[in-house]
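A.B. asks: Got a sequence here, can you model it:
(one chain, ligands or ions: 1)
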Amino acid sequence: MLERQKDNDILTRINLKVLHNSNTCCSTRVFPARRFLHSLGAIFSFISKDAVAKVQIMESYCGGEQRDKYVSLQSMVEYELANGLVGVQKRSGGADSGCRTVLRLHRALRWLQLFLEGLRTGREDSRTSVICTDSYNASLATYHPWVVRKAATVAFCALPPRNAFLEIMNVGTPEEAVAMLGEALPYICDVYGITQELFAQHKLLDLP
Ligand SMILES: CCCCCCCCCCCCC/C=C/[C@@H](O)[C@H](COP(=O)(O)O)NC(=O)CCCCCCCCCCCCCCC
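C.D. replies: Below you'll find the predicted structure:
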């Protein structure tokens with residue numbers, strides 16, 4: 001248990017470090033899921049665009065003047081709160097803070113966790129679109145306006161059946177993909193849990 005905790009502390013740091021060490025904007029190295037989403041069809045590019053834009057915001061913080069404040073989620077929260085940077089929005093002339101940007105990605109991670117768990121435990125003939133819609137409704141949908149929810153739900157209908165989906169994940173047979181998910185999901189859960197606790201502790205879970 002302690003070992004896992006240690007792994008996860010490292011993981012939250014790595015999340016920001018990966019961005020830190022990258023100079024390539026919008027690259028598939030920074031956001032490998034982009035290529036994957038592209039392979040699902042053009043309709044998914046609107047989803048990846050928003051995620052890429054948010055990753056780019058974090059990239060610029062991690063490579064910017066204050067990069068030493070962005071070496072971990074903990075140091076980012078501490079720095080932005082101490083300097084009154086949280087709550088400032090692009091719409092009102094300021095830049096989106098790292099905290100509100102990470103919060104959006106954190107909520108998307110919850111969707112990913114539920115979706116992958118649904119895929120992993122689903123029957124061979126289950127429909128990916130149903131798994132995806134259920135996990136979206138139980139997570140991200142709460143934060144999206146009606147028009148985004150509708151567009152997302154329509155896009156999900158284009159997802160291939162479960163086994164075909166597992167195959168295009170490109171990690172071997174569907175059985176091998178399921179085994180890989182079984183190994184990866186505990187880490188996703190832990191990273192989600194650590195961020196959730198940190199943001200709850202600082203009352204950052206409802207940032208506009
Ligand atoms: C595999 C199917 C992929 C389906 C992805 C489901 C996620 C649903 C996203 C719905 C639409 C997102 C469009 C934009 C939303 C923004 O309004 C909204 C708010 O932003 P704002 O406060 O700055 O205005 N943005 C967000 O909530 C962030 C959404 C980020 C979506 C990240 C999706 C990552 C997908 C990664 C897929 C990886 C699949 C891997 C499978 C092995």
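
A.B. asks: Spell out which residues of the protein are next to the ligand.
C.D. replies: 33, 36-37, 44, 47, 50-51, 104, 107-108, 111, 132, 136, 140, 143-144, 148, 152, 169 (C-beta under 6 Å from any ligand atom). For the C-beta atoms, the positions are set from N, CA and C on the backbone; glycine is no exception.

A.B. asks: out of those, which are inside helices?
C.D. replies: 33, 36-37, 47, 50-51, 104, 107-108, 111, 132, 136, 148, 152 (DSSP state H).

A.B. asks: I'd like those written out as TSV, with distance to Cys189, neighbour count and pLDDT added.
C.D. replies: Converted to TSV, these look like this (distance: C-beta to C-beta, whole Å; neighbours: other C-beta atoms under 10 Å; pLDDT from 0 to 100):
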residue	distance to Cys189	neighbour count	pLDDT
Ala33	18	15	68
Phe36	21	15	73
Leu37	22	19	73
Ile47	22	19	80
Asp50	24	12	88
Ala51	20	16	89
Arg104	19	18	96
Arg107	15	18	97
Ala108	15	18	95
Trp111	13	18	96
Cys132	19	22	97
Tyr136	18	20	97
Val148	26	15	91
Ala152	23	20	90
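
A.B. asks: The residue of the chain most remote from its centre: what's it in contact with?
C.D. replies: Distance from the C-alpha centroid of the chain peaks at Asp125, with 26.8 Å (C-alpha atoms, centre = their mean). Residues in contact with Asp125 (C-beta atoms under 8 Å, 6 or more residues apart in numbering) are Pro161, Arg162.

A.B. asks: That one: what secondary structure?
C.D. replies: Here Asp125 is recorded as coil under DSSP: H, G, I helix; E, B strand; the rest coil.

A.B. asks: Please tell me how far it sits from Ile131.
C.D. replies: 12 Å (C-beta to C-beta, to the nearest Å).

A.B. asks: Same question for Leu159.
C.D. replies: For Leu159, the distance to Ile131 - C-beta to C-beta - is 9 Å.

A.B. asks: Same question for Gly193.
C.D. replies: Taking C-beta to C-beta, one finds Gly193 at 22 Å from Ile131.

A.B. asks: who has more neighbours, the two?
C.D. replies: Higher neighbour count among Gly193 and Ile131: Ile131, with 23 against 12, using other C-beta atoms under 10 Å.

A.B. asks: Next up, the contacts around the nearest residue to the more buried one once chain neighbours are set aside.
C.D. replies: Closest residue to Ile131 apart from its sequence neighbours, by C-beta to C-beta, 6 or more residues apart in numbering: Gly118 at 3.8 Å. Neighbour list for Gly118: Ser126, Ile131, Cys132, Asp134, Ser135 [criterion: C-beta under 8 Å, 6+ apart].
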